[in-house]
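Enquirer: turn this into a structure:
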Amino acid sequence: MTAPLDVLVVGAGPTGLALATQLLSYATPFRIVDRSLDRARESRAPAIQPRTLEMLAPFGVTDDLVDRGNATVGLHLHLTRRVLRVPVFDVGCDDTPYPYLLFLPQSETEAVLSAHLAARDVTVERGTELLTAEPEGDLVSCRLRHGDGSEETVRARYVVGCDGAHSTVRTRAGIAFEGYAYPQTFLLADLEADGLEPGAAHTYMTAAGLLFFFPLGTPATWRMIAMHPPGASVGEVTLDLLQRIADDWTPDKPVLRDPVWMTSFRIHNRGATHYRKGPFFLAGDAAHIHSPAGGQGMNTGIQDALNLGWKLAHVCRGAAPEELLETYEAERAPVGHGVRRLTDRAFTVGTSSHPALRLARTRLAPHVAPLLLRATAARARLFRTVSELAVHYRRGPASGTGPHRPRQGPRAGDRLPDTPAGLQRRVAGPGYHLLLTGPGDAWPEDPPLGGRHGLVSVHRIGTQSPWPGITHALVRPDGYVGYLARGTDLTGLRAYLDHWLPAP
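Expert: As a prediction, the model looks like this:
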């Protein structure tokens, strides 16, 4: 029998691939398996949010994603008798190097992450299915079936289910998946649409529901999503059906042609009752599924993975206590609940057949929307929410503040914002990063870290920081501020490190 693994990753979609990428950066022994014979070839999730691009940047894959994608900063909101041209991420996003929504098919996202792993001799084991997973002492005994029918038993300290809505890991762990299905059926297609202005996303608000065209670029120029017409029978999705919807629901009547992929689907809103149970963890669609409103699903899953991966790596190498793993659910479950709530509200407003909401979409929206869009503060809050830049762990157990908190700047638990000097790129390496601000002579040449110099990198950033005056901040491996205090007294910092990163 082979030596035990630290982590078995089940599922090689974007969530599993992101987790494998982070585990690889810490040289954590793992395997990644997926019962599908090939990665996604359809476009599926079509957009990457700014926060996801930030979190993937330390691994060297974000530039490739951006090169392949379509950085769209405009939304055309087609209302009754008028079109609103809404700039996206023009306010509230001046602290990120990626102030745009990147349209890129999921197939391309998976291709970039898979190529990154393959270049470093990591094999994604396709056609390999998890049959059973049973805890045995300090390990989990996992039975795998390979594509040729052979079976193998693998032992791992931890098993992470990145295996989607029908997660085998969730079932084996005995974690419930609670929620409901929406009654509507939706149509989706990747195709060409002549007559649409390029370089922007197009949303049509009608009495019957919403119709979207998103700029993809590949495998087709446009992604079309529409509610199935009321009263029409649900059957095979055809180009004729999609054209009828475009003719009936838009004044432009774009000419649809050359479909690459067409399908229908139902939407669910469900969540796992726990993100961890013993040695089992859930991430991505295995933990939460919801409406695609706002492009949150894949992005939330990738960020689940990048919250969990470094914690597993530190615990497995003995650099952190097992308690660190408890912070995963404490931090990410509220995010998942919030995304489900946000997307449910947006979905209900956009699709409900209730007379009041139908009236709001067709009669009130043309008058109210322009007023709301002029309120830049409200728009900035909305864009920071959708971009996931507003995600924070201020109430999480691994966020600590010293006796003197800076009066300005991010708080403990917030993401580290970027600065004109490129602060995020400066702290992009694995491990923790200690930021020392203010005059250089305020700090000792070698700050006392208690033997943790291999685990904590020190950066003197002077005035090129988000905080005024003399401040010290410990940035976690996922780019969130773990500890923060004013002044040069490092007593609180050392206590934080003693708890979460004990000295070797």
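Enquirer: mind telling me what element Asp304 is part of?
Expert: Using DSSP states H and E, Asp304 sits in helix 297-316.
Enquirer: list the helices and strands that helix packs on?
Expert: Using 3 or more Cβ pairs under 8 Å, 6 or more residues apart in numbering; DSSP states H and E, the elements in contact with helix 297-316 are strand 5-10, helix 14-25, strand 47-48, helix 50-56, strand 151-161, helix 323-351. Heads up, the C-betas are built off the backbone N, CA and C, glycines and all.
Enquirer: turn these into a markdown table, including mean pLDDT.
Expert: Output for these, formatted as a markdown table (pLDDT from 0 to 100):
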| stretch | mean pLDDT |
| --- | --- |
| strand 5-10 | 98 |
| helix 14-25 | 98 |
| strand 47-48 | 92 |
| helix 50-56 | 97 |
| strand 151-161 | 97 |
| helix 323-351 | 89 |
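Enquirer: okay if I get these as CSV plus mean neighbour count and distance to Gln303?
Expert: Converted to CSV, the helices and strands packed on helix 297-316 look like this (neighbours: other Cβ atoms under 10 Å; distance: least, Cβ to Cβ, whole Å):
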stretch, mean neighbour count, distance to Gln303
strand 5-10, 25, 16
helix 14-25, 26, 8
strand 47-48, 28, 11
helix 50-56, 25, 6
strand 151-161, 20, 14
helix 323-351, 18, 8
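Enquirer: now the strands for the stretch 351-500 of the chain?
Expert: Ranges of strands within the stretch 351-500 of the chain are 400-401, 432-437, 456-462, 471-475, 481-486, based on DSSP state E, counting those that start in this stretch.
Enquirer: check which helix or strand covers Ile267.
Expert: Per DSSP H and E: strand 255-272 holds Ile267.
Enquirer: show me the shaky parts of the stretch 101-250 of the chain.
Expert: Where the stretch 101-250 of the chain drops to pLDDT under 70, the residues are 230-234.
Enquirer: how about the helices of it, start to end?
Expert: In the stretch 101-250 of the chain, the helices defined using DSSP state H, counting those that start in this stretch lie at 106-118, 168-173, 239-249.
Enquirer: please identify the most buried of those helices.
Expert: Among these, helix 168-173 has the highest mean neighbour count (mean count of other Cβ atoms under 10 Å), at a mean of 22.
Enquirer: contacts for that one?
Expert: Contact partners of helix 168-173, identified using Cβ atoms under 8 Å, 6 or more residues apart in numbering, comprise 10, 129-130, 132-134, 159-161, 163, 177, 272, 277-278, 280, 282, 286-287.
Enquirer: now the buried members of those.
Expert: In the contacts of helix 168-173, burial by neighbour count holds for 10, 129-130, 133, 159-161, 163, 177, 272, 277, 280, 282, 286-287, counting by 16 or more other Cβ atoms under 10 Å.
Enquirer: ok, these vs Pro219, which is closest?
Expert: Closest to Pro219 out of these is Asp163 (24.9 Å), distances taken as Cβ to Cβ.
Enquirer: wait, what's in contact with the closest one?
Expert: Counting by Cβ under 8 Å, 6+ apart, Asp163 touches Val10, Gly11, Gly16, Asp34, Arg35, Leu130, Val169, Arg170, Ala286.
Enquirer: go ahead and confirm the last one touches Val9.
Expert: Right, the one you point to is Ala286. No - Ala286 is not in contact with Val9 according to Cβ atoms under 8 Å; the separation is 11.4 Å.
Enquirer: anything in contact with each of those two?
Expert: In terms of Cβ under 8 Å, 6+ apart, Ala286 and Val9 are both contacted by the residues Cys162.
Enquirer: what about the strands in the stretch 101-250 of the chain?
Expert: 101-103, 124-126, 129-136, 139-145, 151-161, 177-194, 201-205, 210-215, 222-227.
Enquirer: Ala380 is nearest to which of these?
Expert: Proximity to Ala380 (Cβ to Cβ) singles out strand 101-103 among the strands of the stretch 101-250 of the chain, at 15.0 Å.
Enquirer: partners of that closest one in the sheet?
Expert: strand 47-48 (antiparallel), strand 70-72 (antiparallel) (DSSP bridges).
Enquirer: and the contacts of that strand?
Expert: With contact meaning Cβ under 8 Å, 6+ apart, strand 101-103 is reached by 46-50, 53, 65-66, 69-73, 88-89, 201, 214-217, 295, 387.
Enquirer: next secondary structure after the strand holding Ile267?
Expert: Later in the chain than strand 255-272, the nearest helix or strand by DSSP H and E is strand 276-277.
Enquirer: so after that next one, what's the next helix or strand?
Expert: Next helix or strand after strand 276-277 toward the C-terminus (DSSP H and E): strand 280-282.
Enquirer: from the contact counts, what lies against that following strand?
Expert: strand 151-161, helix 168-173.
Enquirer: elements contacting the very next helix or strand once past it?
Expert: As assigned by DSSP H and E, the chain's next helix or strand after strand 280-282 is strand 288-289. Secondary-structure packing of strand 288-289 (3+ Cβ pairs under 8 Å, 6+ apart): strand 255-272, helix 323-351.
Enquirer: ok and the shortest one relative to helix 239-249, angle-wise?
Expert: Using axes from the mean of the first three to the mean of the last three Cα atoms, to 10 degrees, one finds that strand 255-272 and helix 239-249 are set 90 degrees apart in direction.
Enquirer: distance between strand 255-272 and the chain's centre?
Expert: Distance of strand 255-272 from the chain centroid (Cα atoms, centre = their mean, to the nearest Å) equals 20 Å.
Enquirer: using CSV, write out every CA atom in stretch 457-465.
Expert: Extracted as CSV, the C-alpha positions of stretch 457-465 are listed here (Å, rounded to 0.1, in the frame of the first residue of the first chain):
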residue,chain,number,x,y,z
SER,A,457,8.4,37.4,5.3
VAL,A,458,9.1,40.9,6.5
HIS,A,459,8.5,43.9,4.3
ARG,A,460,9.3,47.5,5.2
ILE,A,461,6.9,49.5,3.1
GLY,A,462,7.3,53.0,4.6
THR,A,463,4.6,55.3,3.5
GLN,A,464,3.5,53.1,0.6
SER,A,465,0.8,51.5,2.7
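Enquirer: would you mark the buried spots in that stretch?
Expert: For stretch 457-465, a neighbour-count test (16+ other Cβ under 10 Å) marks Ser457, His459, Arg460, Ile461, Ser465 as buried.
Enquirer: out of those, who's nearest Asp344?
Expert: Closest to Asp344, out of all of these and judged by Cβ to Cβ, is Ser465, at 38.5 Å.
Enquirer: so the closest one makes contact with Leu435?
Expert: Yes - using Cβ under 8 Å, Ser465 makes contact with Leu435 at a distance of 6.5 Å.
Enquirer: quickly list what's touching both of these two.
Expert: Common contacts of Ser465 and Leu435, defined by Cβ under 8 Å, 6+ apart, comprise Thr471.
Enquirer: show me the protein divided up by domain.
Expert: 5-69+104-178+269-343, 400-500 (automatic domain parsing).
Enquirer: reformat the ones you listed as CSV; add distance to Gln243.
Expert: Converted to CSV, the domains of the chain look like this (distance: least, Cβ to Cβ, whole Å):
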stretch, distance to Gln243
domain 5-69+104-178+269-343, 20
domain 400-500, 44
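Enquirer: how about those domains, which one is nearest Ala246?
Expert: Proximity to Ala246 (Cβ to Cβ) singles out domain 5-69+104-178+269-343 among these, at 18.3 Å.
Enquirer: between the two ends of the closest one, how far is it?
Expert: End-to-end distance of domain 5-69+104-178+269-343 (Cα to Cα, to the nearest Å): 37 Å.
Enquirer: over to stretch 100-107?
Expert: 20 Å.
Enquirer: and of the strands of the stretch 101-250 of the chain, who's closest to Leu449?
Expert: strand 151-161 (27.6 Å).
Enquirer: which neighbouring elements make contact with that closest one?
Expert: Judged by 3+ Cβ pairs under 8 Å, 6+ apart, strand 151-161 is in contact with strand 5-10, strand 129-136, strand 139-145, helix 168-173, strand 280-282, helix 297-316.
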